[in-house]
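[1] Mind looking at a prediction? Sequence and model below.
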Amino acid sequence: MSIGIAFRRGTVLLAVLELGALLGCGVNADLSESAEPDASPAETLRGSEADLYVASARLWRPMTVAVCWENPGLLDGVQRQWVRDAVARTWEARSGVRFTGWGTCAAASSGIRINISDTGPHVKALGNGLNGMAQGMVLNFTFNNWSTSCRSQLQYCIEAIAVHEFGHAMGYAHEQNRPDTPSSCTEPPQGSSGDLIIGPWDLSSVMNYCNPQWNGNGNLSVTDQQGAQQTYGVPWDSLGGNHTSGPAVAARGANRLDVFARGTDNQLWQAYWTGGTTWNLWFPLGGNLTSDPAAVSRDSTRIDVFARGADNSIMQKTWNGLVWSGWSSLGGNFASGPAVASWSASRMDVFVRGTDNQLWQAYWTGTTWNAWFPLGGNLASDPAAVSWGLGRIDVFARGADNSIVQKYWNGTAWSGWSSLGGNFTSSPAVASRGANLLDVFARSSDNSLWMNSWNGSSWSGWQWLGGELASAPDAVSKGAGQVDLFYIAPDGSMRHSGYNNGW
Ligand SMILES: [Zn+2]
């Protein structure tokens, strides 16, 4: 690998010199981008947290962006696919942005319009400034006139340039435009600047002309990835389906996840994952649900699923490792869907909001369910519950003020209610990555997802994760340091994001 890359890098350095000589100036072989017309002279610097120089008003919202080709050729399908694949394995794989379409532009096509031309690749604006703009992005597939050394390494050049230009298309200015650029980087600022600096100045950014690897060889730096997540949310994949409730998830082991949601037929539907990259998708399990389901695995074979039935009682269905039971009722008359936690194979605790808006609990001790009893509170949502140790349960819900409130059982007594703050529009989800660790999730009024983490002694505060949620989230931990998160997208499909010591 190193030999091949070193060779290409050497060749690209030649290209730099060649172009510099050609133009008689210090222009980098990278991108002789035309001056972007929207350059605003008075930029305000705000925020300082991963690298990138962001034009914050240029970020695409929603984060699904149409892309089309203005002049696709009969013979450049391979090159167009290289562009699409390079964007998929970088920006799309590491953030929540999604570029869709990729067909031939119509006269009125909005989104990003790409023109193929043998000239210096460039964009005419940053981010959503490109929306519908004719020849908004120009990409070179032939290199007979510009950077001719790319003719012997077409795929490398096309991919590396695509990653850089799509960085601009997401709203990122050149890293060397930042006011904190060190004197060791002598590339002049070029094109529009940002107004939001993310993280320390990054020599390895794909957006940095001073990067000794040309366009980072088309590979995002660690801080590019962090910056992309801070501006477009965490990456996700789609499990498809057409759901009418929020999801429920249970983990039976490090390589087994079972997810559930209500279908358009009000039945419970299941999908599962057994390791690897594929899911076994969507089959119906019967029932007539009137709420989001809840699920838990109390040992390595069993799954228990709960939901409110048509009579507003809580219904249960169990997988024993071989077959599903029928539906049975735990009784009651409730105003929300349930939550369930388990600290051992012979213990489950189910929680639900009563018609009095209090939290109600029932528990199972191996053979029987006790009667429902109230625990106080004034809930405005379904509860969420998790157990991170024997005798421990943490319950969360949205309170009357739309903040997330918590109550816990320490093995002998219930705590009072305390608030984690925030202003949310969904019930919460909770998962535990280990003893005395909690991750709580909820949706805000703009339908994006937020997370607040307990590290054993304090809460992190609410952090934005992006996403477009049409339901409450649900989350589970299948191993130390891991969280798997699910929610329903506006089109009814289920989305999944995995955290493994990083998103
Ligand atoms: Zn550029």
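    Sure thing, it's come through. Residues are numbered from 1 along each chain as shown.
[2] Name all residues that make contact with Phe260.
    Counting by C-beta atoms under 8 Å, 6 or more residues apart in numbering, Phe260 touches Pro247, Ala248, Val249, Leu268, Trp269, Gln270, Leu285, Pro293, Ala295, Val305. Where C-beta positions appear, they are placed from N, C-alpha and C, glycine not excepted.
[3] Break the chain down into its domains, please.
    Following automatic domain parsing, one gets these domains for the chain: 2-232, 237-500.
[4] Could you tell me the least trusted of those domains?
    Among the domains of the chain, domain 2-232 carries the lowest mean pLDDT, a mean of 81.
[5] Let me have the contacts of Phe260 in CSV, extended by secondary structure.
    Listed next are those as CSV, based on DSSP: H, G, I helix; E, B strand; the rest coil:
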residue, secondary structure
Pro247, coil
Ala248, strand
Val249, strand
Leu268, strand
Trp269, strand
Gln270, strand
Leu285, coil
Pro293, coil
Ala295, strand
Val305, strand
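[6] Using a markdown table, lay out the residues you listed together with neighbour count and distance to Pro72.
    Listed next are the contacts of Phe260 as a markdown table, based on neighbours: other C-beta atoms under 10 Å; distance: C-beta to C-beta, whole Å:
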| residue | neighbour count | distance to Pro72 |
| --- | --- | --- |
| Pro247 | 29 | 39 |
| Ala248 | 29 | 44 |
| Val249 | 28 | 41 |
| Leu268 | 25 | 45 |
| Trp269 | 26 | 39 |
| Gln270 | 21 | 42 |
| Leu285 | 16 | 46 |
| Pro293 | 29 | 46 |
| Ala295 | 25 | 46 |
| Val305 | 27 | 48 |
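[7] Give me the neighbour count for Ala228.
    Neighbour count for Ala228, taken as other C-beta atoms under 10 Å: 28.
[8] do Leu257 as well
    Using other C-beta under 10 Å: Leu257 sits among 23 other residues.
[9] swap in Ala480?
    By the other C-beta under 10 Å criterion, the neighbourhood of Ala480 contains 12 residues.
[10] Please apply the same query to the one 10 residues further on.
    The number of residues packed near Pro490 is 12, by other C-beta under 10 Å.
[11] what separates the closest residue to it other than its chain neighbours from Phe306, distance-wise?
    In this structure, Pro490 finds its nearest non-sequential neighbour in Ala470, 4.7 Å apart by C-beta to C-beta, 6 or more residues apart in numbering. Note on Ala470: its distance to Phe306, by C-beta to C-beta, to the nearest Å, is 22 Å.
[12] I'd like the contacts of Phe260 as a markdown table, with distance to Gly171 appended.
    Listed next are the contacts of Phe260 as a markdown table, based on distance: C-beta to C-beta, whole Å:
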| residue | distance to Gly171 |
| --- | --- |
| Pro247 | 31 |
| Ala248 | 36 |
| Val249 | 33 |
| Leu268 | 41 |
| Trp269 | 37 |
| Gln270 | 39 |
| Leu285 | 44 |
| Pro293 | 38 |
| Ala295 | 39 |
| Val305 | 42 |
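[13] What is the nearest of those to Ala413?
    Ala295 (27.5 Å; C-beta to C-beta).
[14] right, and that closest one touches Pro247 too?
    No. Proximity of Ala295 to Pro247 does not meet the contact threshold set by C-beta atoms under 8 Å, at 9.0 Å.
[15] can you tell me which of the contacts of Phe260 lies nearest to Ser387?
    Distance to Ser387 across the contacts of Phe260 (C-beta to C-beta) is lowest for Ala295, with 13.9 Å.
[16] Enumerate every residue touching that closest one.
    Ala248, Val249, Ala250, Asp258, Val259, Phe260, Ile303, Asp304, Val305, Phe306, Val340.
[17] overlap in contacts of Ala295 and Pro247?
    Common neighbours of Ala295 and Pro247 (C-beta under 8 Å, 6+ apart) are Val259, Phe260.
[18] Just want to know which of Ala470 and Phe306 has more residues nearby.
    Shown here are Ala470 and Phe306; by other C-beta under 10 Å, Phe306 has more neighbours (28 against 18).
[19] What's opposite that one in the beta bridge?
    Here Phe306 sits in beta bridges with Ala294, Gln316, going by DSSP bridges.
[20] got a list of what it touches?
    The contact partners of Phe306, by C-beta under 8 Å, 6+ apart, come to Pro293, Ala294, Ala295, Ile314, Met315, Gln316, Leu330, Pro338, Val340, Val350.
[21] Please convert those to JSON lines, extending it with distance to Asn357.
    Listed next are these as JSON lines, based on distance: C-beta to C-beta, whole Å:
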{"residue": "Pro293", "distance to Asn357": "21"}
{"residue": "Ala294", "distance to Asn357": "19"}
{"residue": "Ala295", "distance to Asn357": "24"}
{"residue": "Ile314", "distance to Asn357": "16"}
{"residue": "Met315", "distance to Asn357": "21"}
{"residue": "Gln316", "distance to Asn357": "23"}
{"residue": "Leu330", "distance to Asn357": "19"}
{"residue": "Pro338", "distance to Asn357": "15"}
{"residue": "Val340", "distance to Asn357": "20"}
{"residue": "Val350", "distance to Asn357": "17"}
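[22] filter the residues you listed to the buried ones?
    Pro293, Ala294, Ala295, Ile314, Met315, Gln316, Leu330, Pro338, Val340, Val350 (16 or more other C-beta atoms under 10 Å).
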